[in-house]
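Asker: I would like to see how this sequence folds:
(chains A and B, ligands or ions: 2)
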Amino acid sequence: MDGNAIAVKTRIYTHPYVLAGLVPLVFFLVFYFYPLAGIFIRSFVPDFPSHLHIDLSFWDQVTGSQRLAHIIWFTFWQAAVSTGLTLASAFPCAFVMSHYQFKGKKFLTLCASIPFVLPAVVVAAALDASFGKNGCLGMLNIRHPLVLIFMAHVFYNFSVMLRILTSFWAGLRANIQEAAATLGAGPFQIFIHITLPLLMPAVWAASFLVFIFCFSSFGIILILGGPAYSTIEAEIYRQAAYMFNLPVASFLSLLQIGFTLVLMGLYTAFSRKAVRFAPKAGHANFKPPQKFREKAAVAGSAGFIILLCLFPLAALAGKSLVHDGQVSLIYYQAIFVNPANSIFHVPPFTAIKFSFIFAGTALIIALVTGLCAALCLNHLDRVKAKGLAAFFDPLFMLPLSTSAVTLGFGIIITLDRPPLNLRSSTLLVPLVHALVGFPFVLRAVLPALKRIPNDIREAAATLGASPGKIFRCLDLPLISGALTAGGVFAFTISMGEFGATIFTAGPRTPTIPLAIYRFLGQPGAMNYGQAMAISTLLMVVTAAGFILIEKISSNGVQQF
Amino acid sequence: MENELIIHNLKKTGTTGVCFLNNINLALPRGSRLSVLGPSGSGKTTLLRMIAGLDIPDSGDIRFNNASILDLPPHKRNFGMMFQDYALFPHLDVFHNIAFGLKMKGMSKQEQASIVAEMLALTNLKGFENRKVDELSGGERQRVALARTLAPGPRLLMLDEPLSALDRVLRKHLLDQLTQIFSRLHITTIFVTHDHEEAFAAGSQIILMNQGGIVQNGTPKDLMHRPMNDWVRQFMG
Ligand SMILES: Nc1ncnc2c1ncn2[C@@H]1O[C@H](COP(=O)(O)OP(=O)(O)O)[C@@H](O)[C@H]1O
Ligand SMILES: [Mg+2]
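Answerer: Numbers count the residues shown, from 1 in each chain, chains lettered A, B, ... in the order given. Ligands and ions are numbered 1, 2, ... in the order given. Below is the predicted model:
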């Protein structure tokens, strides 16, 4: 009996799917935990591993520095203000989107979703194209860095806020409100006493998520804020790249990791609470707007969404196409033709080439590791080893809540020497990108795998299908949509990744976001125009990727 | 007659110590038709899964043609099993569902097509080849599942409550069809049900199960006229 039990256990852990889980595990140990451990050690032992003495002098630098205290404070309050502004602009729109059915609503939803999938550098470039010094509305003179940062954050996060609030609000059952009405509550009282309290957990959850995004915002701050406005993320980069002050950079990274973990914990708690109230999907009761008031509200939100989400993108594209007041393709041509006096060591076209090569490689790595992880987690779940599955599932999601800058920094300070020296390897960037894209692949594939009922696998076995054939003839076709969606995710994320790339990409292998960043930092209309042109290209690629994913998932394959 | 399938002292205990199957002994002659009758949760499905190789017993033996098959994985047993909720492949059409087992045997496209056509005729499904399985009615799904199970020519046919998902009228009709098909096939059949009328119609031998054990093993007549104990009498109504 005991021997049998052990044999069964052994069989579970030597199952090919469980062994497949070792692939992502090793991937994480080497490219996630090892670098983070490196950061931790180097905060206290700066010359690790050559000199093993503990040096806490960074502590004096940190505590003695007005600047650092200022930066931490700024990181928090800019995130709070950005979140408040996002909530204020999304809340009324969420009301309209969750209550009314009208022509063009689908298009509006799509418009509202696009900014969130755009890379931060593109968002920064688009805001610069709209309100910056050379922007379309530059004469409005609202180009104070803080205003630009806030606008960029609202532009960027509006869609998340709107999505969460709308789906939640649409599901609140109307009959609860009707019941309140029969008990004598007027519209205002219903809102205050019924709707708002039910909505609050979703508001908190969405706000925390947006707060986390703004808190760890990097590209936007670096590009739009300039040296005067630095967040913890931006400061990690400055300390590491310009001042070579690794102990302080390490300490800030630790701080950033700590803050994000706490914030993620709070977010999880709130979203769990929100789920408790969450109504069943597909229960929306939309109606067309009828009264003048309703029509005005719909028109107002539609106008606002289009202005907020499309204007900056149109401005970006417009700026890339206009030279000296005339429509021209000169900036696009310059990308391909002009290697001379370039600010790179290589022509800018190389950046586009490398971006595609890196993204393609990252896609393959993320798909392989993500599929292995999904197969393993699904199998563990199925054989009732739920404890293990519950341990590894959140562990595999960690890259989502780790700032890319921290990750990139950790990787260059640890993977630059034996036992693993990848400093000059062209694989380094795709590996990091794959790590960032990995959770998206896992989140796309795992639910698809779980949805496959086990009895069809068993039926296939009784019909003579070996485990390998079951995988090829059943699982693979049934998750192909999810795999495609995950792959597109990994690809577009890699195309736009900035925070980790700025550390890990060598000077000869720049990517599109790095090129945009450097062009924007240079004076002159030609540089600015080229920044606009490459940003437009990147915008088109990522938006196309997003629309593709939406198409796939509306074909019956859901991602989340 | 020679016994084809022999089950000897089969036992299975759950992780919590609950007994799913308790000392099952059974012998089936070649070509015989057995009905497994019992209330929900009595272990009928578990027994079928053991025979199919989908579950592994804690102890005991299952022998087929005088050889133990415990070490044989399900895909090498060539036992047909029709699942309670049919387990049709959602991404394949009717034709490819039925052809699946043939494809696994490495048959040519032509051979597949001819056998599938035969099965479609047998189960009254002509013209359904290209239908998606989620566009079928309950009765049609049931017949596709049966055709899929029969197509590879299994050595043993197991049906797990094949009619339970259907409404009363359809059930009666399809039961007649099933018994007709059985009598044409001469294949050893195990028919699981919780309905004694179905059990009587489908099997010449019946085992009555309760709480993981066999309470009575005999012909329909035995069960009706010589119930072992009060519980059997009560269950038979
Ligand atoms: N994988 C399993 N996990 C837990 N309990 C199970 C499992 N399989 C079967 N059982 C238990 O075994 C008993 C018999 O189940 P089953 O064979 O499905 O009964 P039947 O098919 O006769 O309705 C039930 O008590 C059921 O709860
Ligand atoms: Mg059953």
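Asker: for chain A, give me the ranges with low pLDDT.
Answerer: A:1-13, A:46-64, A:138-141, A:173-184, A:186, A:274-285, A:337-346, A:554-560 (pLDDT under 70).
Asker: how does it divide into domains?
Answerer: A:11-30+A:335-402+A:424-560, A:67-320 (automatic domain parsing).
Asker: distance-wise, check B:L166 relative to A:R508.
Answerer: Note on B:L166: its distance to A:R508, by CB to CB, to the nearest Å, is 69 Å. Bear in mind the C-beta positions are built from the backbone N, C-alpha and C, glycine included.
Asker: no wait, B:D176
Answerer: Distance from B:D176 to A:R508, by CB to CB: 78 Å.
Asker: check what contacts the helix or strand of chain B with the lowest mean pLDDT and list those residues.
Answerer: Among the helices and strands of chain B, helix B:168-185 carries the lowest confidence by mean pLDDT, DSSP states H and E, at a mean of 86. Helix B:168-185 is contacted from outside by B:33, B:122-124, B:138-139, B:142-143, B:146, B:150, B:157, B:159, B:162-163, B:166, B:189, B:198, B:201-202, using CB atoms under 8 Å, 6 or more residues apart in numbering or on different chains.
Asker: A:G486 contacts A:A366, doesn't it?
Answerer: Yes: A:G486 is in contact with A:A366 according to CB atoms under 8 Å; the separation is 7.4 Å.
Asker: what do these two both touch?
Answerer: Counting by CB under 8 Å, 6+ apart, the residues touching both A:G486 and A:A366 are A:440-441.
Asker: how many neighbours does the residue in chain A that ligand 1 sits nearest to have?
Answerer: Closest approach between chain A and ligand 1, counting by CB to the nearest ligand atom: A:K384, at 7.9 Å. The number of residues packed near A:K384 is 10, by other CB atoms under 10 Å in any protein chain shown.
Asker: residues in contact with it?
Answerer: B:T15.
Asker: assign it to helix, strand or coil.
Answerer: What DSSP: H, G, I helix; E, B strand; the rest coil gives for A:K384 is coil.
Asker: quick check: the gap between it and B:T16.
Answerer: In terms of CB to CB, A:K384 sits 11 Å off from B:T16.
Asker: please apply the same query to A:A444.
Answerer: 35 Å.
Asker: those two - which one has more neighbours?
Answerer: Neighbour count, other CB under 10 Å: between A:A444 and B:T16, A:A444 has more, with 29 against 5.
Asker: which parts of the helix or strand harbouring that one are buried?
Answerer: Using DSSP states H and E, A:A444 maps to helix A:428-451. For helix A:428-451, a neighbour-count test (16 or more other CB atoms under 10 Å in any protein chain shown) marks A:428-449 as buried.
Asker: burial count for residue 192?
Answerer: No chain in the question, so chain A it is. 12.
Asker: chain B was what I was after
Answerer: Neighbours around B:V192, by other CB under 10 Å: 25.
Asker: wait, a helix at it?
Answerer: No: B:V192: not assigned to a helix; according to three-state DSSP it is strand.
Asker: how near is it to chain A?
Answerer: 14 Å (CB to the nearest CB, to the nearest Å).
Asker: got the residue ranges for the strands in the stretch 451-560 of chain A?
Answerer: Counting by DSSP state E, counting those that start in this stretch, the stretch 451-560 of chain A has no strands at all.
Asker: and what of chain B?
Answerer: B:3-13, B:19-29, B:33-37, B:59-64, B:67-68, B:79-82, B:156-160, B:189-193, B:205-210, B:213-218 (DSSP state E).
Asker: counting by contacts, list what the shortest one packs against.
Answerer: Same thing as strand B:67-68. Strand B:67-68 is packed against no helix or strand, with contacts defined by 3 or more CB pairs under 8 Å, 6 or more residues apart in numbering or on different chains; DSSP states H and E.
Asker: try the second one
Answerer: Under the contact criterion of 3+ CB pairs under 8 Å, 6+ apart, strand B:19-29 touches strand B:3-13, helix B:44-52, strand B:213-218.
Asker: residues from chain B in reach of ligand 1?
Answerer: B:14, B:20, B:38, B:40-46 (CB under 6 Å from any ligand atom).
Asker: how about these, which pair is most distant?
Answerer: B:G14 and B:G38 (17.4 Å; CB to CB).
Asker: the two: which is more packed in?
Answerer: B:G38 (24 against 12).
Asker: quickly list what B:Q216 is bridged to.
Answerer: B:L208 (DSSP bridges).
Asker: which residues touch it?
Answerer: B:207-208, B:222-223, B:227-228, B:232.
Asker: switch the cut-off to 6 Å
Answerer: Residues in contact with B:Q216 (CB atoms under 6 Å, 6 or more residues apart in numbering or on different chains) are B:208, B:228, B:232.
Asker: ok, now A:T260?
Answerer: Contacts of A:T260 (CB under 6 Å, 6+ apart): A:S401.
Asker: check which helix or strand covers it.
Answerer: helix A:246-277.
Asker: report the buried residues of the helix or strand following that helix.
Answerer: Using DSSP H and E, the helix or strand that follows helix A:246-277 in sequence is helix A:292-321. Residues of helix A:292-321 classed as buried by neighbour count (16+ other CB under 10 Å): A:294, A:297-298, A:301-302, A:304-306, A:308-309, A:311-313, A:315-317, A:319-321.
Asker: please pull up the helix or strand immediately following helix A:292-321.
Answerer: Helix A:292-321 is succeeded, C-terminally, by strand A:322-323 (DSSP H and E).
Asker: name every strand pairing with whichever helix or strand comes after that next one and say which way it goes.
Answerer: Using DSSP H and E, the helix or strand that follows strand A:322-323 in sequence is strand A:326-327. When pairs are called by DSSP bridges, strand A:326-327 turns out to pair with strand A:322-323 (antiparallel).
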